[in-house]
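Peer 1: predicted model, plus sequence, below.
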Amino acid sequence: MISKILSPEFGHFTLALACCLAGAQCLIPLMGAKVKNSRLMALASPLAWGQFLALTLAFACLVTAAVTDDFSVQNILQNSAVDKPLLYKITGVWGNHEGSILLWAFILAFFGAIVSAYSQHLPLSLRAKVIAIMGGSAAGFELFCLTTSNPFLRVWPAPLDGQGMNPLLQDPGLAFHPPILYMGYVGFAVPFAFAVAALLEGKVDAAWGRWVRPWTVLAWALLTCGIALGSWWSYYVLGWGGYWFWDPVENASLLPWLTGTALLHSALVVEKRESLKIWTILLAIGTFSLSLSGTFLVRSGILNSVHAFASDPARGVFILLLLAVISGGALLLFAWRAPTLTSTGIFAFFSREGSIVLNNILLCTMSAVVLTGTLYPPFIQLINGQTLSVGKPFFDNALIPIALFLFLVMAIGPVIAFKKGNIKQTAKILGFAACLSISNVVIAFLILHQIIPALASSLCIWIILSACSDFIKHIALFKTSISNSYNRIIGLPRSFYATYIAHIGVAITILGIIGMAASQQKIVEVPIGTTIHLAGYDWTLTNVDDRQGPNFISTEAVIKVSKNGKPITWMLPSRRFFDRQKQVITNVAIHTNLMSDLYAVLGDSKNSTQTTPLFVLRLHYNPLAPWIWIGGFIMAIGGFITLTDRRFRVGTPANRKRIKEV
Amino acid sequence: MQDITRRRLLWSLPFATAAVAGGGFLAMLSGIRKGNFDPKEINTPILNKPIPAFSLSAQPPSTGFNQQELQQQTEPVLINFFASWCIPCLTEMSMLQQLSSHISIWGIAYKDKQNSVSGFLKRNGNPYQRIGQDNNGNVGIEWGVSGVPESFLVMPGGIIKWHYPKPLTVNSTQTLLSLLK
Amino acid sequence: MRFITFIFLFCLGLSAPIVAFGIDSPDEMLKNPVQEQRAQHIGAQLRCLVCQNESIEDSSADLAKDLRKVVRQRIKGGDNDQQVMQWMVDRYGNFIRLSPPFTLTTALLWFMPVLGLVIGCVVAFVTLRKKNKIASTELSKEERQRLSELMKE
């Protein structure tokens, strides 16, 4: 019954309806703002909700088609199959180009709706413009979906079975990574909308900073989670033990993250000091433009990537057009209006604002380097036909020095006062942390014999200790009574904790990266029963078995890991052969105790002609590796904590109270 | 007024940069459509260079060949890397049959088994005047080959005039023939 | 100082800073550990031509395996690191290098970090100084006004 209502035709219809509503959501409030008609402006919110509802139905129709194995829908035919497990039928909806564009549009509509829900305290004109810009972007995406990437195209006669999905994607990670990542990408449409609306209004003030910051932090935290999830997913799915490859698609997610981090620090200054307005607006426009460009580059066929969807230049042209209108239009408006924005806050070079300016310069430089490196090969090829590669060695060499300097500044910034910092006072707070960190450089270098890990680990300690020192100073520990300190701990605004936590998260991630670089590995070809010694552990291959899965045949090895005679765990690396796609997927076995990872891969056994078959095993000991992703999630948690700060709760509940009093 | 125009010009730099990038992307996309821009191609520095030193063992029904023999040819030769396990090579075969009447084609069986290649040639015809075996792919690496099929036009004296790292098509065959004149 | 303890712990086996994920059989590796280190170091700079952005050490493709073999052969044959890289570049061009050489064409790429920092700092410096100057002149104007008002009284 449900599948009769939620038919592909209905999905197609609601998608078109959503596009029309989005178009109206863009034009009507803008017109209303221009002629100062409050009734037209008030239509923004219901239109946003209407669009969201329509798109929810459209999405539900596509999911229904996937779950009911409706192979008359071309998208389902190409990407699904009867024997695909249910979880992957659902999550596979966004594992292909058309479905992922629909997901983009859906999330964009969703954000449009919640922005209209949580913005009732904004002045009507600004609110109307923000919702209108979101509607315009959504309309563009829905138009793109309808014209070039329609997931509801039909095929007749409908085949009995589909072509199946890439085995690599048949993994629980597919359920989480794209939706959360897209929420991050699309989330930056909200600060973008706020920035363009502010340019249209011609006014950027502290109130604007206060309104835009929670949306920026939300998008940033989601993008951080999305990137961390993607990196962790490739670590445990791909069987290579790597977690970041400087692949163009990965770079496309890193770019908005870098400028987004600069943006959220910059918006802080706008809110507190009414300064850095032009930069914040430019960063807001730039971050969303980078999100969009990333989408463009990955689907147009210009960049080669393991992640790339089936590319089609026609789609590329449409997204380029979308980019031209959305980003180009915003940048043009920026060029026109930016000089009229006046900044009143002045500050010394050595001040909180000054350190945030330096932070922004460093982050934006890193972003520029990644952007240049990613785009250099296609542009050089266009200009003089030379083919170049820009990969890990380049990015590591170019970015590590800047990153190290950033970590140095990151620890000092939060401690300096606004407007004019006192060098002596800052030195007093950070002196102890500095001594310990510098001594760590020496110790670490003597142990590690390599300067970069020594410096980097010391900078992590520097970040963590300065956060602690600042916290101690704020609660006046040892300077006043315990109960006084305790009261201060309770009373300290949540955003303070959020800052400490987020910065410490960065330090943890970097420590994880350093640890991972010191991993140990052994590659062996052994018969069953052999014990291999690696990193103080004893790894014993006890058995290798063949098994049948729902759509694959797997060869599974059983490895017993023990330490000093005490059994630690059983690891089951396997290789799966998917008959339909004739593809072999390696399934890594990972055992983690959150401090380090044991990683085992079963290799291809070619010497099975002998009487005792030999199996190739690759064993890794990755110290501190889990911290890479734990640190990322800690950063995101810091972001989410900021959102709960009561200073952001200016709005609806307070209004209701006032009405009651009257 | 003048000051504000100056500031507007300064702040239009981001737009200008984006516009240049956008123009570049448009050029790339139209290049992909027309076929003269391929982001996936690898331009190896083999053009107008002498053929590398190599020697190939026999692949029935032919004897192998080496660098000296190729160099001593008085007519241009098309070197074609192929394999029986390569599907685009199969589609290329009809094009090669047609070409064999215009130019002599010498084949190099890349990372393949002798029997498989013989079977492949029996099933699809043999357009090659001479064939050699490159079991381990080392000769391919000397030629800068990264996959099959790849074709090289070798002029008398051993200079490589043309390199086509894809299956031969009507257009590329025409380009090849025009180079022979 | 648990962190120092941990750094201690993971440095205990710091022999191979580069982990080659693509090697799938121990026969691929050279017997001499110094030579194998060199091979992995060189391999990390060579692009697997048929994969996206992976080095030949990280890739499980056939061509990557062949190239790994060639690198090790040449190291055993006595080539130094430069010569092995050049050998590869002679046959495959600069595409095989994961870090492009520094030429006029790639100058913009290599200078981008410095360029970004310099431009950013210069713009920030100039803007801040201008604002601070305006502020100081405004203040003195204000002071002058107050002075003249006081004088009028």
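Peer 2: Arrived safely.
Peer 1: from here on, just use CA atoms for contacts and neighbour counts.
Peer 2: OK.
Peer 1: need the three-state assignment for residue A:538.
Peer 2: Under DSSP: H, G, I helix; E, B strand; the rest coil, residue A:538 falls in the strand class.
Peer 1: wait, doesn't it sit right on residue A:562?
Peer 2: Yes. Residue A:538 is in contact with residue A:562 according to Cα atoms under 8 Å; the separation is 5.2 Å.
Peer 1: just want to know which of these two has more residues nearby.
Peer 2: Between residue A:538 and residue A:562, residue A:538 has the larger neighbour count (other Cα atoms under 10 Å in any protein chain shown), namely 21 against 17.
Peer 1: check the gap between that one and residue A:226 for me.
Peer 2: 35 Å (Cα to Cα, to the nearest Å).
Peer 1: just residue A:294 next, same as before
Peer 2: From residue A:294 to residue A:226 the distance is 15 Å (Cα to Cα).
Peer 1: the two - which one has more neighbours?
Peer 2: A count of neighbours by other Cα under 10 Å puts residue A:226 above the other of residue A:294 and residue A:226, at 26 against 21.
Peer 1: give the contact list for that one.
Peer 2: For residue A:226, the contact set (Cα atoms under 8 Å, 6 or more residues apart in numbering or on different chains) comprises A:177, A:178, A:179, A:180, A:181, A:182, A:184.
Peer 1: for the residues you listed, work out which two are farthest apart.
Peer 2: A:177 and A:184 (10.7 Å; Cα to Cα).
Peer 1: the more surrounded of those two?
Peer 2: Higher neighbour count among residue A:177 and residue A:184: residue A:184, with 29 against 19, using other Cα under 10 Å.
Peer 1: so that one sits against residue A:217, correct?
Peer 2: No. Counting by Cα under 8 Å, residue A:217 is not a contact partner of residue A:184; they are 9.9 Å apart.
Peer 1: so which residue is smack in the middle of chain A?
Peer 2: Closest residue to the average C-alpha location of chain A: residue A:223 at 2.5 Å, with Cα atoms, centre = their mean.
Peer 1: which of the three states applies to the spatially most central residue of chain C?
Peer 2: Among the residues of chain C, the one closest to the centroid is residue C:99, at 8.3 Å (Cα atoms, centre = their mean). In three-state terms, and counting by three-state DSSP, residue C:99 is coil.
Peer 1: now it, nearest residue through space, not along the chain?
Peer 2: residue A:394 (4.8 Å; Cα to Cα, 6 or more residues apart in numbering or on different chains).
Peer 1: phi, psi of the one you found?
Peer 2: Backbone torsions of residue A:394, given as degrees, to the nearest 10, read phi -70, psi -50.
Peer 1: I'd guessed it sits against residue C:97; true?
Peer 2: No. Between residue A:394 and residue C:97 there is no contact under Cα under 8 Å: 9.9 Å.
Peer 1: is chain C contacted by the helix or strand bottoming out on mean pLDDT in chain B?
Peer 2: Lowest mean confidence among the helices and strands of chain B (mean pLDDT, DSSP states H and E): helix B:2-11, at a mean of 82. No. Judged by Cα under 8 Å from any Cα of the partner chain, helix B:2-11 makes no contact with chain C; its nearest approach is 11.1 Å.
Peer 1: contact partners of that helix?
Peer 2: A:334, A:335, A:336, A:337, A:338, A:339, A:340.
Peer 1: repeat that with 10 Å
Peer 2: Outside of helix B:2-11, the residues within contact range by Cα atoms under 10 Å, 6 or more residues apart in numbering or on different chains are A:278, A:282, A:331-332, A:334-340, B:1, B:12, B:16.
Peer 1: farthest-separated two in those residues?
Peer 2: A:282 and B:1 (22.8 Å).
Peer 1: the more surrounded of the two?
Peer 2: The neighbour comparison of residue A:282 against residue B:1 (other Cα under 10 Å) goes to residue A:282, with 21 against 6.
Peer 1: for residue C:118, see how far away that one is.
Peer 2: 19 Å.
Peer 1: again, but for residue A:148
Peer 2: Residue A:148 is 43 Å from residue C:118, by Cα to Cα.
Peer 1: before we move on, what about residue A:410?
Peer 2: 19 Å.
Peer 1: which one's more surrounded, these two?
Peer 2: Neighbour count, other Cα under 10 Å: between residue A:410 and residue C:118, residue A:410 has more, with 22 against 14.
Peer 1: quick one: contacts for the more buried one?
Peer 2: Here residue A:410 is in contact with A:355, A:356, A:358, A:359, A:404, A:459, A:462, A:463, A:466, A:467, A:503, A:506 (criterion: Cα under 10 Å, 6+ apart).
Peer 1: so which elements touch the one helix or strand the fourth one maps to?
Peer 2: Translated: residue A:359. Applying DSSP states H and E as the criterion places residue A:359 in helix A:352-384. In terms of contacts (3 or more Cα pairs under 10 Å, 6 or more residues apart in numbering or on different chains; DSSP states H and E), helix A:352-384 is packed against helix A:248-273, helix A:277-300, helix A:392-412, helix B:13-34, helix C:107-152.
Peer 1: so which of those helices comes closest to residue C:52?
Peer 2: Going by Cα to Cα, the one of those nearest residue C:52 is helix A:248-273, 8.9 Å.
Peer 1: does any part of that closest one sit near chain B?
Peer 2: No. Residues of helix A:248-273 are not located near chain B by Cα under 10 Å from any Cα of the partner chain, the shortest gap being 12.8 Å.
Peer 1: and stretch C:59-70, by the same measure?
Peer 2: Yes. Against chain B, stretch C:59-70 shows contacts by Cα under 10 Å from any Cα at C:62, C:63, C:64, C:66, C:67, C:69, C:70.
Peer 1: can you list the domain ranges for the chain.
Peer 2: I'll assume chain A. Taking automatic domain parsing as the reference, chain A has its domains at A:1-170, A:202-418, A:422-518+A:632-639, A:520-624.
Peer 1: my bad, chain C
Peer 2: C:14-96, C:102-153.
Peer 1: before we move on, what about chain B?
Peer 2: For chain B, automatic domain parsing gives the domain ranges B:2-34, B:57-180.
Peer 1: where does the prediction get shaky in chain B?
Peer 2: Applying pLDDT under 70 to chain B picks out residues B:1.
Peer 1: show me which residues of chain B sit near chain C.
Peer 2: B:40-46, B:52, B:111, B:136-138, B:140-147.
Peer 1: ok, residue A:262 to residue A:408 distance?
Peer 2: 16 Å.
Peer 1: more crowded one of those two?
Peer 2: Using other Cα under 10 Å, the more surrounded residue of residue A:262 and residue A:408 is residue A:262, with 25 against 17.
Peer 1: which residue comes closest to the more buried one once chain neighbours are left out?
Peer 2: In space, residue A:262 is closest to residue A:360, 4.9 Å off (Cα to Cα, 6+ apart).
Peer 1: tally of neighbours for the one you found?
Peer 2: If you count neighbours by other Cα under 10 Å, residue A:360 ends up with 26.
Peer 1: strands of the stretch 401-550 of chain A, start to end?
Peer 2: A:520-526, A:531-534, A:537-548 (DSSP state E, counting those that start in this stretch).
Peer 1: so the following helix or strand past the last one versus strand A:537-548, what angle?
Peer 2: If I follow you right, that is strand A:537-548. Later in the chain than strand A:537-548, the nearest helix or strand by DSSP H and E is strand A:553-563. Between the axes of strand A:553-563 and strand A:537-548, defined by axes from the mean of the first three to the mean of the last three Cα atoms, to 10 degrees, the angle is 160 degrees.
Peer 1: alpha carbons of strand A:553-563, as CSV, please.
Peer 2: As requested, the backbone C-alpha atoms of strand A:553-563 are provided in CSV (Å, rounded to 0.1, in the frame of the first residue of the first chain):
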residue,chain,number,x,y,z
ILE,A,553,32.3,-16.3,-0.7
SER,A,554,34.9,-15.6,1.9
THR,A,555,38.2,-17.0,3.0
GLU,A,556,38.7,-16.3,6.7
ALA,A,557,41.9,-16.6,8.8
VAL,A,558,41.8,-17.0,12.5
ILE,A,559,44.7,-15.4,14.4
LYS,A,560,45.1,-15.6,18.1
VAL,A,561,46.9,-12.7,19.6
SER,A,562,48.5,-13.0,23.1
LYS,A,563,51.0,-11.0,25.1
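Peer 1: thanks a lot, catch you later.
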